[in-house]
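K.L.:
using only what follows, build the 3D model:
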Amino acid sequence: MRRPLAGLGAEEEENEINLTPMLDVVFIMLIFFIVTASFIKESGIDVNRPDAPTASKVEDANILIAIGANDEIWIDRRNVDPRAVRPNIERLHAENPKGSVVIQADKKSTNEMLVVVMDAARQAGVYNVSIAANN
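P.N.:
You can find the predicted model right below:
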């Protein structure tokens, strides 16, 4: 045990609070929340999806493709040429083979561009293709 020394120095030493264990706990909690956080993937543009009362939620949708109102194709926040859709899907599918493709087509986009993207996904070897709609 410590023996108190004469004078004020001994009182101040006994009144100190050790913050090291609290900082350790806060640091461990921070690491836990970072590791368990789920990061949302976005296609790159806001799409006005059509309504569908029978729409269902798709899990593990890792390849998001957006088709804008003026038929622009967006993958990973980049505007992509229709001829480059297939290589992009192949690359993303190679990163996560269990993932599916979800196409977010705007109400004003043409069916032709939707079919082009769906064909590119199938040519890339992804047969789990869904079209996003509002529920």
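K.L.:
please make it C-alpha for all contacts and neighbour counts, starting now.
P.N.:
OK.
K.L.:
please name the bridge partners of the residue nearest to residue 82 when sequence neighbours are not counted.
P.N.:
Take residue 82 and drop its neighbours on the chain: the residue closest to it by C-alpha to C-alpha, 6 or more residues apart in numbering is residue 73, 7.0 Å away. Residue 73 forms beta bridges with residue 67, residue 80, as assigned by DSSP bridges.
K.L.:
for residue 133, see how far away residue 73 is.
P.N.:
Distance, residue 73 to residue 133, using C-alpha to C-alpha, to the nearest Å: 17 Å.
K.L.:
and the two? Which one has more around it.
P.N.:
residue 73 (27 against 20; other C-alpha atoms under 10 Å).
K.L.:
the more buried one and residue 37, how far apart?
P.N.:
Here residue 73 is placed at a distance of 29 Å from residue 37 (C-alpha to C-alpha).
K.L.:
name the helix or strand for the spatially closest residue to residue 131 that is not a sequence neighbour, please.
P.N.:
Using C-alpha to C-alpha, 6+ apart and skipping residues adjacent in sequence, the residue nearest residue 131 is residue 103, 4.8 Å away. According to DSSP states H and E, residue 103 maps onto strand 100-105.
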